[in-house]
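J.: Below is the sequence, then the predicted model.
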2 protein chains.
Amino acid sequence: MDQLLQALAAPRRREILRLLRRRERSAGELHRALGDVTFGAVSQHLGVLEQAGLVSARREGRSRFYATRDQGLQPLREWLDEMWKDALSLLKEQAEAEERGERPARAPAERRMPRSPRRRLARTQRRRR
Amino acid sequence: MDQLLQALAAPRRREILRLLRRRERSAGELHRALGDVTFGAVSQHLGVLEQAGLVSARREGRSRFYATRDQGLQPLREWLDEMWKDALSLLKEQAEAEERGERPARAPAERRMPRSPRRRLARTQRRRR
DNA sequence: ACAATAGTTTAGTAATGACTAAATTATAAA
DNA sequence: TTTATAATTTAGTCATTACTAAACTATTGT
């Protein structure tokens, strides 16, 4: 998960993935397609993507052809689904609580009600944030 | 997309999101739950997550309660779906090409067939990579 | 063997980022 | 007003990283 998100976090690498979406390409072809980055840098990015399981390479003569590995994004998809599932179940619980006439749960352990009417000092206001 | 993935790439921030999955928590509560990181650092992480649209904050007295924003992950979901869709359509195209008796497309522009039988030099092999 | 082409690796640099300690702001309570 | 609590902000440090130029490796052609 870590390597995966780290690899995806760099815009340049997402650019490379985008170029590889529809068909495989050699490192040199990628280099030429990107235009403003050295061959060395492209090769390094490809190494990171390969380590993260996002691309695979195939040798053909002097060239290496890189292609996206569709299973590569699977862990991210699963993580996302898990997050989503939790968000849904939370909403459901809140709706049920609402039905029972409760207020939506809000960090109950930390809740501390004011014990006296709020006294608001008129104060020179400095900075809002 | 950039801010989003950048925010998710840090393990500490995913840890915070995990803590916020089921219910909202104050910054201090998060600080105590994490244990090995300063209050300041937690606050900074929360700032990044808020900028990325992954959490929202609610003030209550001296505390600020943070909660996950479920729409926050939507762009990532869409990006992922797009990637997935392309992978599927590529597979489909390849299958159709296969049906027509073609070989799977492999970077046709760069393809260069050897013009003579390969002569393989017996060479002292140094390092594999 | 030698030259040419394709790619990787390395050394070094500049920018970014996660972290800490300390200063600062905001709110509430005595 | 003063004190305490909750959180943010800042200044500075250390590690990581994206990049370049240049050295190196691998493969093919002559």
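T.: Alright, I've got the coordinates.
J.: drop to CA atoms for contacts and neighbour counts, all remaining ones
T.: Fine.
J.: Assign a three-state SS to the residue in chain A that DNA strand C sits nearest to, would you?
T.: Nearest residue of chain A to DNA strand C: A:Gly28, at 3.0 Å (Cα to the nearest atom of the strand). Look at A:Gly28: counting by DSSP: H, G, I helix; E, B strand; the rest coil, its state is helix.
J.: quick one, what contacts it?
T.: A:Phe39 (Cα atoms under 8 Å, 6 or more residues apart in numbering or on different chains).
J.: so how far is DNA strand D from A:Gln51?
T.: Distance of A:Gln51 to DNA strand D, given as Cα to the nearest atom of the strand, to the nearest Å: 12 Å.
J.: just checking, A:Leu5 is part of a strand?
T.: No. According to three-state DSSP, A:Leu5 belongs to no strand; its state is helix.
J.: What pLDDT does the model give the residue of chain A closest to DNA strand C?
T.: If you check A:Gly28, the pLDDT there is 96.
J.: got it, and A:Arg118?
T.: pLDDT at A:Arg118 comes out at 28.
J.: Equivalent analysis for A:Asp70, please.
T.: On the pLDDT scale, A:Asp70 gets 86.
J.: hang on, it packs against A:Ser56?
T.: No. Counting by Cα atoms under 8 Å, A:Asp70 sits too far from A:Ser56 to count as a contact (10.0 Å).
J.: and A:Lys85, what is it in contact with?
T.: Counting by Cα under 8 Å, 6+ apart, A:Lys85 has no contacts.
J.: Okay, it and B:Leu73: tell me how far apart.
T.: 12 Å (Cα to Cα, to the nearest Å).
J.: So A:Ser56, which state does it fall into?
T.: A:Ser56 ends up strand, using three-state DSSP.
J.: could you measure it against DNA strand D, distance?
T.: Applying Cα to the nearest atom of the strand to A:Ser56 and DNA strand D gives a distance of 17 Å.
J.: Let me see the confidence value for that residue.
T.: On the pLDDT scale, A:Ser56 gets 97.
J.: The one 10 residues further on now?
T.: At A:Tyr66 the predicted local confidence, pLDDT, stands at 98.
J.: Can you pull the phi and psi angles for it?
T.: phi -100, psi 140 (degrees, to the nearest 10).
J.: Could you measure from it over to B:Glu82?
T.: 20 Å.
J.: Out of these two, name the residue with the larger neighbour count.
T.: Comparing A:Tyr66 with B:Glu82 by other Cα atoms under 10 Å in any protein chain shown, the one with more neighbours is A:Tyr66, at 22 against 13.
J.: which residues touch the closest residue to the more buried one other than its chain neighbours?
T.: Distances taken as Cα to Cα, 6 or more residues apart in numbering or on different chains place A:Ala57 nearest to A:Tyr66, at 4.4 Å, with adjacent residues excluded. Listed by Cα under 8 Å, 6+ apart, the contact set of A:Ala57 reads A:Glu50, A:Arg64, A:Phe65, A:Tyr66, A:Ala67.
J.: at 10 Å instead, please
T.: A:24-27, A:46-47, A:50, A:63-69 (Cα atoms under 10 Å, 6 or more residues apart in numbering or on different chains).
J.: would you say A:Arg22 is within a strand?
T.: No. Using three-state DSSP, the assignment for A:Arg22 is coil, not a strand.
J.: Can you give me the distance of it to B:Trp84?
T.: From A:Arg22 across to B:Trp84, the span is 11 Å (Cα to Cα).
J.: Ok, A:Lys85 next?
T.: Counting by Cα to Cα, the gap from A:Lys85 to B:Trp84 is 20 Å.
J.: and chain A, which of its residues are near DNA strand D?
T.: A:6-7, A:9-10, A:12, A:36-42, A:45, A:60-62, A:121, A:129 (Cα under 7 Å from any atom of the strand).
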